[in-house]
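K.L.:
Sequence first, predicted coordinates after that:
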Amino acid sequence: MELEERRAFAENGLLAAADRQRLFDALWKEWRPRLEAYLRSFSGLSAEDREELAGDALLRAFERADRYRPERPLEPWLVAVARRMALSRLRSPARRAETPAAPEELLGEADGRRPGPEAECIREEERIAVANLVRSLPERERELAFLVYGRSMSLVEAARATGSPLGTVKWRMSRLRELLRRATEVEDAE
């Protein structure tokens, strides 16, 4: 969203009903798929949970848009809303225990280009290695990896989104990079 759209979002209580609906529709179209993808980093959420939470998070954010500061990027704020709701859902005794997202789902969509057979084989081996590594990560690290690598958030934005101190995020990312480096060294040695 451009700065003007973010300002309109923050001032949505002052907008006419038609403008509010148009703004919400644009927010829904752009951010619901992104929030659903982010919510894949939480084990224990079904596809239905992710879809419902993404929609609920957007609705809550829209209703509380007066708390958003338009000079800041929108994504970390929306992710933080979705994160709090997901954690609340996961802590709820009534939540359904379902199969966590497969690590392959965390890797995102294919880019649409078709590699040759050899490149495809190498890519598949790398995908399996990364999927195994992601599968072995604790949930917090899996979430952080998704935000930084999957959503291209800066460390500051990831810290805001997760509610973690920046130093903690930097430390976790350092550990993640070391794990990735070691994993690729082992793969290269074989």
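P.N.:
It's in. On a predicted model such as this, the values are computed, not experimentally measured, just so you know.
K.L.:
CA only for contacts and neighbour counts going forward, please
P.N.:
OK.
K.L.:
Please parse this structure into its domains.
P.N.:
Listed by automatic domain parsing, the domain ranges of the chain are 1-101, 104-190.
K.L.:
Go ahead and measure how far the first one is from the middle of the chain.
P.N.:
To tie it back to what came earlier, the one meant is domain 1-101. 11 Å (CA atoms, centre = their mean, to the nearest Å).
K.L.:
Skip ahead from the lowest-mean-pLDDT helix or strand in the chain and say which helix or strand is next.
P.N.:
Counting by mean pLDDT, DSSP states H and E, the weakest-scoring helix or strand in the chain turns out to be helix 103-106, with a mean of 47. Proceeding C-terminally, helix 103-106 gives way to helix 117-136 as the next helix or strand, assigned by DSSP states H and E.
K.L.:
hey, where'd the helices end up in this protein?
P.N.:
3-10, 17-39, 47-63, 74-91, 103-106, 117-136, 139-145, 155-162, 166-189 (DSSP state H).
K.L.:
quick check: mean pLDDT across stretch 162-176?
P.N.:
The pLDDT scores in stretch 162-176 average 86.
K.L.:
Make residue 1 into 3 and carry on from there
P.N.:
I'll keep to 3 as the first residue from here, and by that count the last item is stretch 164-178.
K.L.:
Can you list the buried residues in that stretch?
P.N.:
Thr164, Leu168, Val171, Arg174, Met175, Leu178 (16 or more other CA atoms under 10 Å).
K.L.:
Check which residues of stretch 27-46 are buried.
P.N.:
Applying 16+ other CA under 10 Å to stretch 27-46 flags 29-30, 33-34, 36-46 as buried.
K.L.:
Tell me the spatial nearest neighbour of Ala84, not counting adjacent residues.
P.N.:
Distances taken as CA to CA, 6 or more residues apart in numbering put Ala59 closest to Ala84, at 5.0 Å, once the chain neighbours are dropped.
K.L.:
measure that neighbour to Glu65 for me?
P.N.:
Ala59 is 10 Å from Glu65, where distance means CA to CA, to the nearest Å.
K.L.:
Settle it for me: which of the two has more neighbours?
P.N.:
Between Ala59 and Glu65, counting by other CA atoms under 10 Å, Ala59 is the more crowded of the two (22 against 14).
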